[in-house]
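[1] Pasted the sequence and its predicted model underneath.
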Protein chains: 2
Amino acid sequence: MSVTSSIRAGPVSQAYLQHRQKLISDDKQTGLRANLDAKEQVVDKIILTEKGALMDPSIYNRTIYSPSLSFYKSKPEMEKTNLFKIIQSMPKGGILHIHDLAMGTIDWLVKNATYRDHIYMCVDADNLIILAAFRKPPQNPDCVWKCVKSERKSSGNTVRFDQMLKQNLSFLAVDPVVQYVDNDRAWMRFYKYFSQVMQIVYYIPVFKDFLWNALEQIRSDNAQYVEYRGQLEGLFDLDGVKHDAEFGTLMVKEVMTNFTRCYPDFTGGKVIMTGYRHTSREKIFQEVKTAVMLRQKYPDFFLGYDLVGDEVWYNSLLYYLDALLYPSTLEPPFKLPYYFHAGETDWQETEIDYNLIDALLLNTTRIGHGFALSKHPHLMEIARKKQIAVEVNPVSNQLLRLVTDLRNHPMTSLMAGGFPVVISSDDPMVWEALPLSHDFFLALTAMSGRETGLAFLKQLAINSINYSGMSKEEKQRALKLWQTKWDTFIKKHTMQPKPSRSLQFSYDIRSSCYVNRP
Amino acid sequence: MSVTSSIRAGPVSQAYLQHRQKLISDDKQTGLRANLDAKEQVVDKIILTEKGALMDPSIYNRTIYSPSLSFYKSKPEMEKTNLFKIIQSMPKGGILHIHDLAMGTIDWLVKNATYRDHIYMCVDADNLIILAAFRKPPQNPDCVWKCVKSERKSSGNTVRFDQMLKQNLSFLAVDPVVQYVDNDRAWMRFYKYFSQVMQIVYYIPVFKDFLWNALEQIRSDNAQYVEYRGQLEGLFDLDGVKHDAEFGTLMVKEVMTNFTRCYPDFTGGKVIMTGYRHTSREKIFQEVKTAVMLRQKYPDFFLGYDLVGDEVWYNSLLYYLDALLYPSTLEPPFKLPYYFHAGETDWQETEIDYNLIDALLLNTTRIGHGFALSKHPHLMEIARKKQIAVEVNPVSNQLLRLVTDLRNHPMTSLMAGGFPVVISSDDPMVWEALPLSHDFFLALTAMSGRETGLAFLKQLAINSINYSGMSKEEKQRALKLWQTKWDTFIKKHTMQPKPSRSLQFSYDIRSSCYVNRP
């Protein structure tokens, strides 16, 4: 930079500047950063130019930096950028943290699922629309079921009716950062979403197509693999039969197998069974037993078990200790892999926060969120040594009000220290995000430094395969497939070497200001 | 907690719970935590009960947690608590990061300084009132000088006039977290405050009393020592003479010496000279030369040099490298201690962020703010090894929009890892805070865990002496004085062992909820 060039070239300064360069370089070495070859370095330059075009005007001209704002505001802004298009086109590997009821798109649900026969809606006391499938809706005085098709027809305006449905489901109908004062308030609305869609998505004919559509979304967002978190049990048909978790496992497997057959450039998917933190110990005990059975029966597809739901408001891992220790009490002990949500909280040194302790003691394979982990350096070192990756979901953490400006996300520090991290999207359907691109964009522009580009993105993609639940051989195959896609991506972008915009800032000594040099 | 007591007492669970307790304990050991004797443990329990009374309803009953909100909202709430009174009465050691023009109170300035002769005001284009002292005000067409006394009289309502003046000066007239969208916007208003008050505070008769009043505030907030950061030069009288930095140094020394003579329970104060990041290289060079002279001449009082002002908008340390290296080029090299502001930014891997690099390379004694340090694990380890303490100013960082919810302050992680930290207030006058109590309250309630109490506060107080610029002997004397005050504080609170409120929450197995047990 021109700051250094205008410094007096005395021997003291020169030695200083060399020492300085070494220290900057040593400091950067600690971060998540894959090696880049010559071609990749060309793409890195393009990315850094685009990143600079976004960031430098804010740094040097005080314009507002949209990636620091609420996703409600940053989403439309990022979608206009060339950088977003590059990130969309980048092969991003796998999605390791995504929930069954929130992995599709609201548009598909509204435009496809609600147009089908047997779909009903009711409006609850909070003015939220609950969707469900019935052969004949039951009596429901507090929330009277009405046929969606008829309601749409009688509304007289299909477009407006569908828009209303979408608005009613979306977490992004308002700005969550403005609307919800804290994590509790945000969760209260967020939780309701699941009851709005559960009874339509788990209806088997809808479910199969919903899942297929979600996989299409994932593939077209240039991810190649997914670990589906879902309760698995509860799929139903119009006869009112609710199926068990094995049925659900086989149905997800069937859809994913078909999908992978249709798209050989897709690695596939696996499932993690999830229980709800608000259910009884007995229920969780039964689920763990079921999970043991399914893991034994389908070891290539059924990865393990997790507990989901607001950690603050519902039960801790410790509360379910007997159930969670059960596999280790079998003769011989059975190693049921856990993928626990833990530390998705701002409450330090509480039973909530200590879910991190229990996740580690119960040998969790990865940690979901781990938002509070940076407040526990001792636990962090244990996780690092055991290579327990943290699944970071930037948009989710912001909209659920754990952090406002993502530049302050605690994982920024961990990533700068090379901690094993994967980026995921948690519930992209709820806030109208793509499966990975929005979260990757924000990880790059708000959670990494000005000079960090492709090496970081590449490492995140590689991490998503290396820290997945795939077997060693599967990982090798997935990495090979990823590498082919990656090479195509690099080739495409090295053939268009000219960045669309270029801004160079340098110091003007007279004005003591950064100025834009044409 | 009752969660564990309801767990089946099988051998597996028992071994697990023992292992768990050990891990929780090991995890806590890493934090800032002084040893506590039996009496101190009684006070610790009182503090933890008060902390619980504040925190537990939010955790278990979803009430809003005021320490997580903007200081604009949390200030009146915290002032109502018993915990705040305990923290006020606690001997907190020294204030190591506070600025000359913002270390008093707006009330004193309005009610005392502006009632004096020769004080004028003008209203600028932004509707901000600039205060100044003149024998006869100069022509100033853009902002016409008017006598404050006359304006007050002609307003017809002294109380309302003074309220208006206060509102016009205070950063807390609006909620900065709502009003200013980012750090830039907040700084723009913040910067103007200094031009509002500089020309009245640096008027020698006002200055002496202003400083005395600030010291009174500090002492009555139970701090015993202060390191005053100020430009030192520029004190003036009605003859229009602007005095140099040595004059300022001697004047501050005189006031501090008198004050310490009047109050033998006060350790005293020292000065750190500050230059502005927006001034020329030549000016900073001259200042560093002056600082070398003053450090040589008054080694017991003049601590060293720092640069202040918005790091993002103005010049980096590197920009002034020649000046800052100057003392090391002397024969023999002179070690001028630096106390650099560095890393008060969200912009990672920029010249702004790299002020941290230069602060370390220039052997800074402490780091002012160091907000970005957690994003540089390598630099963090260097600072830790060299025992370079970070001066953390929670309220300042929040109101200048670096962080919204202080539970996310990056220093929370560093403190949990035992990094050398002191808590200070930066510019308490600007946002109507006490010299230390509000920041200590927020450090305890938002930046440390539920189970962290007196040991943390005690360590912060001890750190403020150990990491000060005092000599070894002075530190010993200061610690001895602090210990006497501390013993009195502990005695007082152990004589009132009953906490004012007590809320006990425990798990109710039937409802799977935390309930309040009377």
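    Perfect, thanks for sending it.

[2] Can you tell me what sits against whatever helix or strand residue A:217 lives in?
    For residue A:217, the host element (DSSP states H and E) is helix A:204-220. With contact meaning Cβ atoms under 8 Å, 6 or more residues apart in numbering or on different chains, helix A:204-220 is reached by A:95, A:103-105, A:108-109, A:112-113, A:116, A:133, A:200-201, A:226, A:235-237, A:251-252, A:255-256, A:258-259, A:263, A:265-266, A:269, A:429, A:434-436. Backbone N, C-alpha and C define where each C-beta goes, glycine included.

[3] Quick check: ChimeraX command selecting the buried ones in these.
    Filtering these down to the buried ones (16 or more other Cβ atoms under 10 Å in any protein chain shown) takes a single ChimeraX command:
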select /A:95,103,104,105,108,109,113,133,200,201,226,235,236,251,252,255,256,259,266,269,429,434,435,436
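
[4] which stretches of the stretch 151-300 of chain A form helices?
    Ranges of helices in the stretch 151-300 of chain A, per DSSP state H, counting those that start in this stretch, are A:158-169, A:176-179, A:183-201, A:204-220, A:245-262, A:281-297.

[5] Check the average confidence over the second one, would you?
    Spelled out, that is helix A:176-179. The pLDDT scores in helix A:176-179 average 95.

[6] nearest spatial neighbour of the residue in the stretch 401-518 of chain A that chain B sits nearest to, skipping sequence neighbours?
    Nearest residue of the stretch 401-518 of chain A to chain B, counting by Cβ to the nearest Cβ: residue A:449, 2.6 Å away. Excluding its sequence neighbours, the residue lying closest to residue A:449 (Cβ to Cβ, 6 or more residues apart in numbering or on different chains) is residue B:349, at 2.6 Å.

[7] from memory the one you found sits against residue A:451, does it?
    Yes. Between residue B:349 and residue A:451 a contact is recorded at 4.5 Å, counting by Cβ atoms under 8 Å.

[8] Now do the shared contacts for the two.
    In contact with both residue B:349 and residue A:451: residue A:28, using Cβ under 8 Å, 6+ apart.

[9] who has more neighbours, those two?
    Neighbours were counted for residue B:349 and for residue A:451 using other Cβ atoms under 10 Å in any protein chain shown; residue B:349 has more, 20 against 15.

[10] Check which helix or strand the more buried one maps to.
    Residue-wise, residue B:349 maps onto no helix or strand under DSSP H and E.

[11] Give me the most central residue, chain A.
    Nearest to the geometric centre of chain A sits residue A:425, at 1.6 Å (Cα atoms, centre = their mean).

[12] Spatially nearest residue to that one (excluding sequence neighbours)?
    Closest residue to residue A:425 apart from its sequence neighbours, by Cβ to Cβ, 6+ apart: residue A:439 at 4.9 Å.

[13] how distant is whichever strand in chain A runs longest from the center of its chain?
    Identified as the longest strand of chain A according to DSSP state E is strand A:268-276. Chain-centre distance of strand A:268-276: 15 Å, with Cα atoms, centre = their mean, to the nearest Å.

[14] Next: stretch A:250-269.
    21 Å.

[15] who's in contact with that stretch?
    So stretch A:250-269 is contacted by A:94, A:204, A:207-208, A:211-212, A:215, A:219, A:224-228, A:230, A:232, A:235, A:243, A:271, A:298, A:301, A:474, A:477-478, A:481, A:485 (Cβ under 8 Å, 6+ apart).

[16] Generate a ChimeraX selection restricted to the buried entries among these.
    In ChimeraX syntax, the buried subset of the contacts of stretch A:250-269 is picked out as below (16+ other Cβ under 10 Å):
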select /A:94,204,207,208,211,212,215,219,224,225,226,227,228,230,232,235,243,271,298,301,474,478,481,485
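
[17] hey, where'd the strands end up in the stretch 1-150 of chain A?
    Here the stretch 1-150 of chain A has its strands, by DSSP state E, counting those that start in this stretch, at A:94-99, A:119-123, A:129-133, A:146-147.

[18] got the angle between the second one and strand A:129-133?
    Note on geometry: by axes from the mean of the first three to the mean of the last three Cα atoms, to 10 degrees, strand A:119-123 and strand A:129-133 are set 150 degrees apart in direction.

[19] Strand A:119-123 to helix A:158-169, inter-axis angle?
    Going by the same axes, to 10 degrees, strand A:119-123 makes 60 degrees with helix A:158-169.

[20] Same check on the first one?
    In terms of direction (the same axes, to 10 degrees), strand A:94-99 departs from helix A:158-169 by 90 degrees.

[21] Go ahead and produce PDB holding the CA coordinates of strand A:94-99.
    Backbone C-alpha positions of strand A:94-99 (Å, rounded to 0.1, in the frame of the first residue of the first chain) are rendered in PDB as follows:
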ATOM      1  CA  GLY A  94     -22.100 -30.600   1.400                       C
ATOM      2  CA  ILE A  95     -24.800 -29.200   3.600                       C
ATOM      3  CA  LEU A  96     -24.300 -30.600   7.100                       C
ATOM      4  CA  HIS A  97     -26.900 -28.700   9.100                       C
ATOM      5  CA  ILE A  98     -30.300 -28.400   7.600                       C
ATOM      6  CA  HIS A  99     -33.800 -29.400   9.000                       C
END
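
[22] Show me what that strand is packed against.
    Judged by 3 or more Cβ pairs under 8 Å, 6 or more residues apart in numbering or on different chains; DSSP states H and E, strand A:94-99 is in contact with strand A:225-230, strand A:366-369, strand A:389-392, strand A:421-423, helix A:454-466.

[23] hmm, who's touching the helix or strand just after the last one?
    Read it as helix A:454-466. Remark: after helix A:454-466, the chain's next helix or strand is helix A:472-494, criterion DSSP H and E. Helix A:472-494 has contacts (Cβ under 8 Å, 6+ apart) with A:39-40, A:42-43, A:46, A:86, A:89-91, A:93-94, A:222, A:224-225, A:265, A:267, A:458, A:461-462, A:465-466, A:468, A:470.

[24] Give me the buried stretch members for stretch A:320-332, please.
    Under the neighbour-count criterion of 16+ other Cβ under 10 Å, stretch A:320-332 has A:320, A:321, A:322, A:323, A:324, A:325, A:326, A:327 buried.

[25] So residue A:99 versus chain B, what's the distance?
    Separation of residue A:99 from chain B (Cβ to the nearest Cβ, to the nearest Å) stands at 22 Å.

[26] isn't that residue right next to residue A:426, touching?
    Yes. Residue A:99 lies in contact with residue A:426 (Cβ under 8 Å); the separation is 6.7 Å.

[27] More neighbours: which of the two?
    Of the pair residue A:99 and residue A:426, residue A:426 is the one with more neighbours under other Cβ under 10 Å, namely 29 against 21.

[28] Contacts only, for the more buried one.
    So residue A:426 contacts A:97, A:98, A:99, A:102, A:393, A:395, A:396 (Cβ under 8 Å, 6+ apart).

[29] My understanding was that the second one contacts residue A:428; is that so?
    Spelled out, it's residue A:98. Yes. Applying Cβ under 8 Å, one finds residue A:98 in contact with residue A:428, separated by 7.2 Å.

[30] All good on my end, thank you.
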